[in-house]
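1. sequence plus the predicted model coming up.
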Amino acid sequence: MLRRSALGLAGRRFSTALAQEPAARLLEGRCALAQPWSERPKGTIDQMTGREVQTLSKHLGCELPSVDLTQSFNFEELEIIKQASDDAGGIVVFSHQKDTMTIHDHTRFARQLVASEDTVLEPHAVAAGHPLDSDVLEIVREANQHVVFGENWHSDHSFMGLTASYSILRIDDCPRFGVNDTLFSSTEDAFDGLSQTMQNLILDLNAYHSANKAYGVGHPGNSLAAMEGTDTMSMLAETPILESDVLQPCVTVHPRTGRRSIYVSPTFTTHVDGMKPEESKAILLFLCQWIARPEFCTRVSWRPNQVVMWDNRSLSHKGLADELTERRAVHRVTVRGVSPQNHRGESFSLTHKTKAAQGGLFEGVMDMPDAATAAARHMSA
Ligand code: SIN
């Protein structure tokens, strides 16, 4: 099997010589991500923000209908899938998976992917794994649950020293079509969309990311509350990650494509290093609202037997909660990445840690323009 050192130029060779490669069958039927607006219920409101969901990006995401994830893949085939992800801004939808696909098929695919990257699967650092395989995070939203896990923008594991590269999500209990979708923002397009002056302003900023903000006590309406509202999700007995926050560049560079990406989120980012709280809050509010603009966003609706792989280095995402009466369960497997680097090739998350931010101190960063709606919902939940 080819090893990681064969990436780079070799990867480019694959992408230009696909027609001759047998592995190219994986790309048969490749198409842009469908946006079936006519099939989706109209006017559903994101309960988190109180707003109608709007997504306008036309080029983000692709569907690969010919990949059977229960098969075995060699390095070249995995590279083709990763290249397809790069080409589509980081979202690949594997539609029409076998009815018989199991949780073990899911993790077997993920383990082949991690072997091709010389890395490992990263079980969630706070939430307990699935009883059948602890590498799988089962994200459950019970019907009529008011706070749902991962409902605000985030990049998986940005609170860790080694963050997530790919996440692979398989639907287990599928809601009716077009509700409780997964929403994605291309944080690369969002960076490109800034003025040169703003880009220069944020290029050398760094910000702290906190698991405590999302899963610790004292931060209202977070994923801890979401877990407590389910019968199946629970916290691990030991959660040392809740004790310290890590420093990440506000703009990261994708190790495969070289594209720059805004790397802050309302879920995990607490404050910009070296700034007064008011300054930090203003910058983070602007960036969090900027990445949520419809022109950078797309939406993946769920069908049974569908798996979605996304690249956390290019995207922010959130699980929409626009139909609270529907139960929904998904299984997520996450690939360990590296310590994110800035445009100078510097990274900080392994070396720069601080005591976890206290509940209440930076809650303002969660605020969106219609925060009153969200606050009212959380108070009534
Ligand atoms: C996640 O936040 O990783 C899951 C997104 C979703 O539930 O759609």
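-> Structure's in. What do you need?
2. so residue 73, which state does it fall into?
-> Classification of residue 73 by DSSP: H, G, I helix; E, B strand; the rest coil places it in coil.
3. what sits against it?
-> By C-beta atoms under 8 Å, 6 or more residues apart in numbering, residue 73 lies in contact with 81, 109, 112. Placement of C-beta: from N, CA and C, glycine included.
4. give me the phi and psi for it.
-> For residue 73, the backbone dihedrals (degrees, to the nearest 10) come out as phi -120, psi 140.
5. near the ligand, which residues of the protein?
-> 139, 150, 156, 167, 182, 317, 319, 330, 332 (C-beta under 6 Å from any ligand atom).
6. and the helix or strand hosting the last one, how far out from the chain middle?
-> Spelled out, it's residue 332. Secondary structure from DSSP states H and E places residue 332 in strand 328-336. Relative to its parent chain, strand 328-336 has a centroid offset of 10 Å by C-alpha atoms, centre = their mean, to the nearest Å.
7. so what's the residue in the stretch 151-300 of the chain that the ligand sits nearest to closest to, chain neighbours aside?
-> Distance from the ligand to each residue of the stretch 151-300 of the chain (C-beta to the nearest ligand atom) is smallest for residue 182, at 3.5 Å. In space, and not counting its chain neighbours, residue 182 is closest to residue 300: 4.7 Å by C-beta to C-beta, 6 or more residues apart in numbering.
8. can you name the residues that contact that neighbour?
-> Residue 300 sits in contact with 33, 61, 91, 93, 181, 182, 183, 184, 308, where contact means C-beta under 8 Å, 6+ apart.
9. got phi/psi on residue 307?
-> phi -130, psi 140.
10. please name the bridge partners of it.
-> According to DSSP bridges, the residues that bridge with residue 307 are residue 94, residue 170.
11. residue ranges with poor pLDDT in the stretch 251-381 of the chain?
-> 359-381 (pLDDT under 70).
12. go again with 80.
-> 358-381 (pLDDT under 80).
13. how far away is the residue in the stretch 101-250 of the chain positioned nearest to the ligand from residue 183?
-> Residue of the stretch 101-250 of the chain nearest the ligand, by C-beta to the nearest ligand atom: residue 150 (2.7 Å). According to C-beta to C-beta, to the nearest Å, residue 150 stands 10 Å off from residue 183.
14. list residues touching both of those two?
-> Jointly contacting residue 150 and residue 183 under the rule C-beta under 8 Å, 6+ apart are 317, 318, 319.
15. now do the last one: how many residues are near it, please.
-> Residues lying near residue 319 (other C-beta atoms under 10 Å) number 21.
16. before we move on, the earlier item: pull the CA atoms of the strand holding residue 332 into CSV?
-> Output of strand 328-336 as CSV, limited to C-alpha atoms (Å, rounded to 0.1, in the frame of the first residue of the first chain):
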residue,chain,number,x,y,z
ARG,A,328,-33.3,12.0,15.0
ALA,A,329,-30.2,9.9,15.7
VAL,A,330,-26.9,10.0,13.8
HIS,A,331,-23.6,8.2,14.3
ARG,A,332,-20.4,10.2,14.0
VAL,A,333,-16.9,9.0,13.6
THR,A,334,-14.1,11.5,13.7
VAL,A,335,-10.5,11.4,12.3
ARG,A,336,-7.7,12.9,14.4
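17. now do the buried residues in it.
-> 328, 329, 330, 331, 332, 333, 334, 335, 336 (16 or more other C-beta atoms under 10 Å).
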